[in-house]
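Enquirer: 3D model of this:
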Amino acid sequence: MTGEHKFKASILKEEFGKKKLFLGDFGNAHPPRLAQSTKSKIFCFTSTLCASCNNTRTQPADIEFDIFHKKTMELLHQGSAPGCVFNDVRYTYNSEPYLNIFRYFAKLLCCHLAEINAPRPIQVAQFAMGEIDENPVILRMGEDWTYKQARSMGINKFGFRSNATLFNKTKTRVQGFYSALSFGPIQYRFSIEMTLNTMEILNTEYPDFCYRHLSQSSSAMSHEDKLRLGLVEK
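Expert: A predicted model of the protein is given here:
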């Protein structure tokens, strides 16, 4: 069994080298922590994957994300919107490279769900492992608000991860799961939202999990929280 990285190690090495960097993990009540190196255990999920799932089955997605991230950073430095990366012929809709980007984020979502003891939707796990091509992941990209605040405090080496459980409008049902992952200035915002049938199964068959998260939603999310999560832009 191996631990999946919350922050992709190869990108951290390329972006930050051997320098110390701050990592934020909003949603787990932890302040930003200083990592001594990219080998630090705080980079990994507490949940583990079998070696086959973390290597052979998901390696194409890992490799593709390295390429994808370089392209999005180039666009950002040029003053273009990171989402323009999907205008690249490489990421033609439903091509293998296109699907592998979403498979990478599907794997991270599954690891997050395992970490919070949530049931993992079979479709998301199958998609992450390349068993099916039906993509359940929604992806957006933008500049990271938290990184801008960190820079104002003189912190230039910064990674940030945040998570949220999504609810229906009346906050009576868990509807999906959302995560955001930042490498320096760019934030990847990805989520899964369930169909009515899947939502009903989740809330009926896993009432304790859903009740716990619905109870936690009673306090309204602040505007600053939404900025950290990338749910609002300003």
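
Enquirer: CA only for contacts and neighbour counts going forward, please
Expert: Will do.

Enquirer: so where is the chain shaky, pLDDT-wise?
Expert: 1-56, 153-159, 216-220 (pLDDT under 70).

Enquirer: What segments of it are strands?
Expert: Counting by DSSP state E, the segments of the chain that form strands are 2-5, 21-26, 30-35, 44-49, 137-143, 158-167, 174-183, 186-193.

Enquirer: Would you mind pulling up the elements that the last one packs against?
Expert: Same thing as strand 186-193. Counting contacts by 3 or more CA pairs under 8 Å, 6 or more residues apart in numbering; DSSP states H and E, strand 186-193 is packed against strand 137-143, strand 174-183.

Enquirer: Adding mean neighbour count and distance to residue 84, write the ones you listed out as TSV.
Expert: TSV is the format used below for the helices and strands packed on strand 186-193 (neighbours: other CA atoms under 10 Å; distance: least, CA to CA, whole Å):
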stretch	mean neighbour count	distance to residue 84
strand 137-143	17	10
strand 174-183	22	18
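
Enquirer: Of all these, which one comes closest to residue 108?
Expert: strand 174-183 (8.7 Å; CA to CA).

Enquirer: Contacts made by that closest one with the rest, please.
Expert: With contact meaning CA atoms under 8 Å, 6 or more residues apart in numbering, strand 174-183 is reached by 7, 11-12, 109, 144, 158-168, 187-194, 199, 202-203, 210, 213-214, 229-230.

Enquirer: If I take it and strand 137-143, what angle do their directions form?
Expert: 40 degrees (axes from the mean of the first three to the mean of the last three CA atoms, to 10 degrees).

Enquirer: Adjacent strands (with direction) for strand 174-183?
Expert: Strand 174-183 has its sheet partners listed here by DSSP bridges as strand 158-167 (antiparallel), strand 186-193 (antiparallel).

Enquirer: Quick one: closest of those to residue 151.
Expert: The closest of the strands paired with strand 174-183 to residue 151 is strand 158-167. By CA to CA, the value is 8.7 Å.

Enquirer: give the contact list for the closest residue to residue 106 other than its chain neighbours.
Expert: Distances taken as CA to CA, 6 or more residues apart in numbering place residue 128 nearest to residue 106, at 5.2 Å, with adjacent residues excluded. Residues near residue 128 by CA under 8 Å, 6+ apart: 58, 102-107.

Enquirer: picking that back up, mind giving me the PyMOL command for buried ones among the contacts of strand 174-183?
Expert: The buried residues among those can be selected in PyMOL (16 or more other CA atoms under 10 Å) with this line:
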select buried, resi 7+11+12+109+144+158+159+160+161+162+163+164+165+166+167+187+188+189+190+191+192+193+194+199+202+203+210+213+214+229+230
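
Enquirer: What about residue 150, how many residues nearby?
Expert: For residue 150, the count of nearby residues is 16 (other CA atoms under 10 Å).

Enquirer: And residue 132, by the same measure?
Expert: Neighbours of residue 132 using other CA under 10 Å come to 12.
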